[in-house]
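Participant: structure of the sequence below:
(one chain, ligands or ions: 2)
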Amino acid sequence: MPRKVNYSTGYGYDDDDYYNYDDDDYYNYEDDGHDYAEETEVVSKAKVKRETSKLGVWRCPICTFDNEESMSACDICGVLRNPLVKGSRDSSTKVGTSRDSEASKLAKSLFASLLQQNPKKAVTFEGKSDVIKSGGHFNFHEHGRIHGQFQDLLKTFSCQNHYKFNIEPFKFDTPSLDDMVSGGIHSSRVGSKATSNKILQSNASSGKDEMMTGAKAELIAGGSSIPIAKFGPNEIKQSASSQNSSKQGLSKSMKNLSVSSKSQSTEKGSIHDNVEDKLSQLNLAVVGHVDSGKSTLSGRLLHMLGHISRKDMHKNEKEAKQLGKGSFAYAWALDESAEERERGITMNVAVAFFNTKNYHVVLLDSPGHRDFVPNMISGATQADAAILVVDASMGAFEAGIDASGGQTREHALLIKSFGVDQIIVAVNKMDSVQYSKERFDAIKKQLGTFLRTCKFKDSSIVWIPISAMENQNLFTGPSDALFLSWFQGPSLVDAIDSLQPLVRDYSKPLLMPICDIVKSQSQGHVSVCGKLETGSLQTGFKVLVMPTREIATVRSLERNLQVCRSAKAGDNVTVNLQGIDGNRVMAGGVLCDIDYPVPVTNHLELKVVTLDISTPVLVGSQLEFHVHHAKVAAKVVKLLSLLDPKTGKETKKSPRCLLSKQNAIIEVALQLPVCVDEYANCKSLGRVSFRVLGRTIALGLVTKVLEQM
Ligand code: GTP
Ligand code: MG
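Facilitator: Ligands and ions are numbered 1, 2, ... in the order given. The predicted model follows:
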């Protein structure tokens, strides 16, 4: 991969002084004689106690799901077990043994029948306990000897269901500094249903003009609307005619993609084949605090576009009412699992496709509940832009923006750290505040201040008041008289269409972080899903699958659920691979050009900025490390220096700890090797986030890949 070597930190010198470090507590911290290391240990022990174990299972302290003893992360919410690997005290438990889940949770649910043919296998791995000698050793290694080979270890890595994410930077002219990391956050900072997610196909008419009103859609939807297709084995269509060997080097001719392949897809509106495609691809994450109405909004949009049949809508309404959750009928178009419906929350990212006047939109409906932030990360790292949904109801907006636990804040910070610069703030549930202009203005003022501190530019934020439930201001301006008296538009869909066009790196070598995998035992194929970050792909291409370094051939391709022969940067694709053992492909891995393998490492130097944290980060702190679609346990092995958030200059060498809102250079060791790169070389593999006990505590950029494997 052609890598820029001009890494230099772009500090936002000209920005406001976000962090007000006149809080002496931060600076006097080291002098107060408090033993924070001890405190951390106590806290960590307390957390460990909270995890209850029954024979053969351990209960997740977050969502209370009983996981098999062999799972190192919760199967439901993805929270890492703490300690990550139980000691050998329990003789019934194999240390280091992990379930090879073969596919993500979404894939499992969608391919239940298929997966039944695949009994779960146990694998073992050998910990690389010698990775970092200076910083002690990992918890996960200290409880016993862990046997196995490196490849087994990689398999183990693949068992984690809920990680994944990757990032496509907008190349806007602003040096956005996902950058807030480089410049520091200022004073206050996207399978499966997520892992690969529920994928809803919405083969929409293109253009707002052609969009249907709800009533019209209902009429059309009556019998013959386009079904919402689940992403299942039957839908992975093989492009029979696409097996001709294709020369690699497609990138130059990708701009006006006009491929005619004999697609098995007969659905109308096949957006990529046979027609010159004038619409750009837009991966749009829908994020925000729990219950703000993200799924209802997404369901409404799909319904109005005619992508939910009247029959399905009626079924959802009826069943939702039966469960006493009638108001969730639209949300159920995306919240499909029984558990989600019962709990009334989204747990994994749902993916839907529709077209607007300017864009093929890939909608990533994220969970808002704090327990499922890892899944939100997985979806939202694919985002080019985001809709941040906030609930205008009295008290609800305040809960979301609350510094201690509101996901409005956390989601905004995360999407910015993934390189998303453009954001639409949908102030939803305006009906519940009688379409009050004052309420809208107050929300805009308070949230606007916070978004500025996250380094979103005012010019990149669009504020749209809506009511998803009452269909106000979604496709056309408001119809409610009171609403109309102070707001005439733009509508939400107008706002989507007015997002700036994207600039993609077609000319760079192929890079596709793998969001999810689906294996077909009967056909011996494996399909991988994800977004092409750079470069292009075509059927017949040979690709390198990392980190296992296996070469596979692209047998067929789907873009936005449409069979096609080629795809380019920005596209959301399913790649059917042949010539590779399915066990050598994993979610969290990367497809890349065989001449440009991405680095694989478990030892990194990073520049980080800490968020509001209650427990200091110390050498030895155990964290969850998230990069693109990979999530792995990490341990801080060195705190190298503190940096001035404005100048980026070193202010202190080897600090004892990191407190809230500090910029620092640190070294971390990862439990398992991951595909990662220096941010200067590859943004999408170089942006990371750290979480502890269900909270995001720091965002970072990779400055050095130490010890490549
Ligand atoms: P999570 O995915 O779990 O974070 O929730 P969500 O943001 O997807 O919210 P969801 O769509 O599930 O809606 C939560 C509740 O808000 C449901 O009862 C909806 O009916 C209600 N709701 C959504 N939009 C509106 C709206 O515009 N007005 C009113 N009054 N209620 C709404
Ligand atoms: Mg939802």
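
Participant: show me the contacts for the nearest residue to residue 331 once chain neighbours are set aside.
Facilitator: If the residues on either side of it in the chain are set aside, residue 331 comes closest to residue 295, at 3.6 Å by Cβ to Cβ, 6 or more residues apart in numbering. To be clear about C-beta, it is placed using only N, CA and C from the backbone, and glycine gets the same treatment. Applying Cβ atoms under 8 Å, 6 or more residues apart in numbering to residue 295 gives the contacts 328, 330, 331, 332, 333, 334, 335, 346, 350, 365.

Participant: for the third one, the count of nearby residues, please.
Facilitator: The criterion is other Cβ atoms under 10 Å. On that basis, residue 331 has 28 neighbouring residues.

Participant: ok, now the fifth one?
Facilitator: Counted with other Cβ under 10 Å, residues neighbouring residue 333 total 27.

Participant: sorry, back to before: which of the contacts of residue 295 has the most neighbours?
Facilitator: Neighbour counts for those, by other Cβ under 10 Å, peak at residue 365, which reaches 36 neighbours.

Participant: how confident was the prediction at it?
Facilitator: You'll see residue 365 listed with a pLDDT of 95.

Participant: check residue 308 too.
Facilitator: Note on residue 308: pLDDT of 88.

Participant: assumed it was part of a helix.
Facilitator: No: using DSSP: H, G, I helix; E, B strand; the rest coil, the assignment for residue 308 is coil, not a helix.

Participant: the nearest residue to residue 581 once chain neighbours are set aside pairs with what?
Facilitator: Closest residue to residue 581 apart from its sequence neighbours, by Cβ to Cβ, 6+ apart: residue 550 at 7.5 Å. For residue 550, the beta-bridge partners are residue 545 (DSSP bridges).

Participant: what's the local residue count around residue 550?
Facilitator: Neighbour count for residue 550, taken as other Cβ under 10 Å: 17.

Participant: list the contacts of it.
Facilitator: Residue 550 makes contact with 544, 580, 581, 584, 585, according to Cβ under 8 Å, 6+ apart.

Participant: the last one and ligand 1, how far apart?
Facilitator: Right, residue 585. Distance check for residue 585 against ligand 1: by Cβ to the nearest ligand atom, to the nearest Å, it reads 30 Å.

Participant: kindly report the same for the fourth one.
Facilitator: When distances are taken as Cβ to the nearest ligand atom, residue 584 and ligand 1 turn out to be 34 Å apart.

Participant: picking that back up, quick one, phi/psi of the residue nearest to residue 331?
Facilitator: Here the main-chain torsion angles of residue 295 (degrees, to the nearest 10) amount to phi -70, psi -40.

Participant: do the same with residue 667
Facilitator: Backbone torsions of residue 667, given as degrees, to the nearest 10, read phi -120, psi 130.

Participant: helix, strand or coil for the closest residue in space to it that isn't next to it in sequence?
Facilitator: With sequence-adjacent residues excluded and distances taken as Cβ to Cβ, 6+ apart, residue 667 is closest to residue 638, at 3.9 Å. Of the three states, residue 638 takes strand according to three-state DSSP.

Participant: pLDDT score for the closest residue to residue 600 other than its chain neighbours?
Facilitator: Among residues not flanking residue 600 along the chain, residue 547 sits closest, at 4.2 Å (Cβ to Cβ, 6+ apart). Predicted confidence (pLDDT) for residue 547: 95.

Participant: and the closest residue to ligand 1 within the chain, how close does it get to residue 488?
Facilitator: Nearest residue of the chain to ligand 1 (Cβ to the nearest ligand atom) works out as residue 368 at 2.5 Å. Between residue 368 and residue 488 the distance is 29 Å, computed by Cβ to Cβ, to the nearest Å.

Participant: same deal with residue 454?
Facilitator: Taken as Cβ to Cβ, the span from residue 454 to residue 488 is 29 Å.

Participant: between those two, who's got more neighbours?
Facilitator: Shown here are residue 454 and residue 488; by other Cβ under 10 Å, residue 454 has more neighbours (20 against 11).

Participant: correct me if wrong: that one contacts residue 410.
Facilitator: No: Residue 454 is beyond contact range of residue 410, at 10.8 Å (criterion: Cβ atoms under 8 Å).

Participant: how many neighbours does the residue in the stretch 551-700 of the chain that ligand 2 sits nearest to have?
Facilitator: Distances between the stretch 551-700 of the chain and ligand 2 by Cβ to the ion are smallest at residue 694, namely 18.2 Å. The local packing of residue 694 (other Cβ under 10 Å) involves 17 other residues.

Participant: residue numbers of the stretch 201-350 of the chain in contact with ligand 2?
Facilitator: 294, 295, 346 (Cβ under 5 Å from the ion).

Participant: one more time with 6 Å, if that's ok
Facilitator: Residues of the stretch 201-350 of the chain lying close to ligand 2 by Cβ under 6 Å from the ion are 294, 295, 331, 335, 346.

Participant: do the same with the stretch 551-700 of the chain
Facilitator: So the stretch 551-700 of the chain never meets ligand 2 (Cβ under 6 Å from the ion).
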